[in-house]
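> my questions concern the predicted model and sequence given below.
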There are 2 protein chains.
Amino acid sequence: MSSSHPLDAAIRLSIVDGNTFHGRTRPEWDSMVGPFGGITAAVLLRAVETHPDRIGEPVALTVNFAAPIGPGGFDISLRAARTNRTNQHWTVELSQNGDVKTTATALFGIHRDTWADTEAHPPSVSPPEQIDRDSAQEDFVRWAHFYDLRFAEGRFPGEGAQPSSTATTTMWIRDTARRPIDYAALATLCDIFCPRVFLRCGGPTAAGTITATTYFHADQHALDAVGDDFVLGTAHANRFSGGYFDQSAQLWTRDGVLLATSHQFVYFKGDVCHSGEEIHVRQRN
Amino acid sequence: MSSSHPLDAAIRLSIVDGNTFHGRTRPEWDSMVGPFGGITAAVLLRAVETHPDRIGEPVALTVNFAAPIGPGGFDISLRAARTNRTNQHWTVELSQNGDVKTTATALFGIHRDTWADTEAHPPSVSPPEQIDRDSAQEDFVRWAHFYDLRFAEGRFPGEGAQPSSTATTTMWIRDTARRPIDYAALATLCDIFCPRVFLRCGGPTAAGTITATTYFHADQHALDAVGDDFVLGTAHANRFSGGYFDQSAQLWTRDGVLLATSHQFVYFKGDVCHSGEEIHVRQRN
């Protein structure tokens, strides 16, 4: 079943040689410019997961979106820069015809049984069953229909939306086809929140993630416990200035387990977001 | 003057060839295992700043601490993986005798005049003049005396400290020798907060940052405006589990400008932090 899922199709890789994999973009995952960044993160993570030298589970992943990935094939070259007893540092690069499009570093490691505590608190929201599915994001990027999104706060600013005074979104997220969550899916979900400047402008504007870092708190046992259930995501921005802004996200299980924290720095063209200026939704297709 | 400052001494580089610089560790910056991570971040950033092909100012920096850097010389190799019109993606590696100790990616870019807003709020604390300098961290790592630290919350857990129920620290920070702040100093300050597990354990325990990412919101003009004044730093943790935890920090100017946001994932040995177990401060030297 899962092999026909659009996520699995997008992260499918073939072996070129010991340290190179080949993949292909899938048009159903197209975003504003090139593929959805969450899918790129997932395919880079999958490349490391697939490598025979890999030890442990994903711990941290940084992806730098250096240039748009064009439609078609791409190569992922990777190398374990350092293998320690309990963790391993990977350097990864995605290229097309020798042209570097994405660079990344990934840290894999062993999870051990230690003292544990969660200081952060999950947002206090209604359960997903009490919130309607929202399809506004699907009008902007087709891949959004792969997710059942139920917003408690900060819905995607579709047609007729007004600028918001804050850029916080909190929503329940579930794979529409109920594909059980794994690390690749978790990496994807960390980037599911639209650029925060969209909310401040009241609609889509030119913006793109340039670097994103995810910390995987969840071990495999925690992912198995989620299965195909909803996860609760929340994202906010700290500062917009000089053509850049940061945004941070958290993903929680229904019963309050923090699965991942994720951060990104985003380029934006601020000249289209002056107060009072009308923003047009630039709908795809 | 600034050339004799310990920060400048630690980030001094000589040219080996077009894409390789050579540096040396300085014992005054030793931390628990190898050099203070903030100094390693600074020297990697400085290598990119020094490269003749570099365009723009630092925008984002991710440093992966793959293995302890030993005392003595090290080589930094770097390469612009991608140069765009307004930004540039760098891949950087620090090695000793061919052995990779640190990997990094850095993003440099042009700051443009755009719509701007800060959603985050600086912590509400007394001004630094109303708080005494605290030297508890200097007993643990010698380099702490390079900084004038004035804690509003969550001071370094020195001799006799008790476990804390939260891991938040908020403090004023100023360079003791009043060296004006630059990007290298800012990168260093983002890592000045001790591992958050120390606060939860009531004292130092085995822990080390494995990856750290800093987003530079400040342009050169904003740094010039700070000069040699105090900056306000705050750091917290979200979740401790499986031998890892995350911590996030913000650095603010006295008048509420957010200079940088920074995030890291830290390895810890949780078996020494069981409740009720006595924690001994493992003082250096």
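Cool, the structure landed.
> so A:His236 sits in a helix?
No: assigned with DSSP: H, G, I helix; E, B strand; the rest coil, A:His236 falls outside any helix and is strand.
> number of nearby residues for it?
The local packing of A:His236 (other C-beta atoms under 10 Å in any protein chain shown) involves 20 other residues. Glycine gets a C-beta too; all of them are placed from N, C-alpha and C.
> same check on A:Thr166?
The number of residues packed near A:Thr166 is 14, by other C-beta under 10 Å.
> these two touch, right, it and B:Ala120?
No: using C-beta atoms under 8 Å as the test, A:Thr166 is too far from B:Ala120 to be in contact (10.8 Å).
> which residues in the stretch 151-285 of chain A form strands?
In the stretch 151-285 of chain A, the strands defined using DSSP state E, counting those that start in this stretch lie at A:169-175, A:207-216, A:231-241, A:244-253, A:258-268.
> nearest spatial neighbour of A:Cys30, skipping sequence neighbours?
Cys isn't right for residue A:30; it's Asp. A:Arg142 (6.9 Å; C-beta to C-beta, 6 or more residues apart in numbering or on different chains).
> again with A:Asp229
Nearest to A:Asp229 is A:Arg254, by C-beta to C-beta, 6+ apart, at 6.0 Å.
> cool, A:Thr103 as well?
A:Asn64 (4.6 Å).
> surely A:Asp139 and A:Pro157 touch.
No: using C-beta under 8 Å, A:Asp139 is not in contact with A:Pro157; the gap is 10.9 Å.
> so those two - more neighbours on which side?
Shown here are A:Asp139 and A:Pro157; by other C-beta under 10 Å, A:Pro157 has more neighbours (24 against 17).
> A:Gly70: how many residues sit nearby?
Quick note: A:Gly70 (other C-beta under 10 Å) scores 14 neighbours.
> A:Gln96 is in contact with that one, correct?
Yes: in this structure, A:Gly70 is within contact of A:Gln96 by C-beta under 8 Å, at 5.9 Å.
> got the strands of the stretch 151-285 of chain A as CSV, with distance to chain B columns?
CSV is the format used below for the strands of the stretch 151-285 of chain A (distance: least, C-beta to the nearest C-beta, whole Å):
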stretch, distance to chain B
strand A:169-175, 13
strand A:207-216, 5
strand A:231-241, 4
strand A:244-253, 5
strand A:258-268, 5
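> in a markdown table, list the ones you listed along with mean pLDDT.
Shown next, in a markdown table, are the strands of the stretch 151-285 of chain A (pLDDT from 0 to 100):
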| stretch | mean pLDDT |
| --- | --- |
| strand A:169-175 | 98 |
| strand A:207-216 | 97 |
| strand A:231-241 | 98 |
| strand A:244-253 | 98 |
| strand A:258-268 | 97 |
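> A:Arg54 and A:Ala47, how far apart?
For A:Arg54, the distance to A:Ala47 (C-beta to C-beta, to the nearest Å) stands at 10 Å.
> quick one: which of those two has more around it?
Neighbours per residue (other C-beta under 10 Å) separate A:Arg54 from A:Ala47, with A:Ala47 holding more: 24 against 18.
> residue in the stretch 151-285 of chain A nearest to chain B?
Closest residue of the stretch 151-285 of chain A to chain B, C-beta to the nearest C-beta: A:Gly270 (2.5 Å).
> you'd agree A:Arg54 is up against A:Asn87?
No: if you go by C-beta under 8 Å, A:Arg54 and A:Asn87 don't touch, sitting 11.2 Å apart.
> identify the contacts common to the two.
A:Phe108 (C-beta atoms under 8 Å, 6 or more residues apart in numbering or on different chains).
> need phi/psi at the residue nearest to A:Thr103.
With angles defined as degrees, to the nearest 10, A:Asn64 sits at phi -110, psi 120.
> then A:Ile11?
Dihedral angles for A:Ile11 - degrees, to the nearest 10 - are phi -110, psi 10.
> what about A:Pro71, which SS state?
With three-state DSSP as the basis, A:Pro71 sits in coil.
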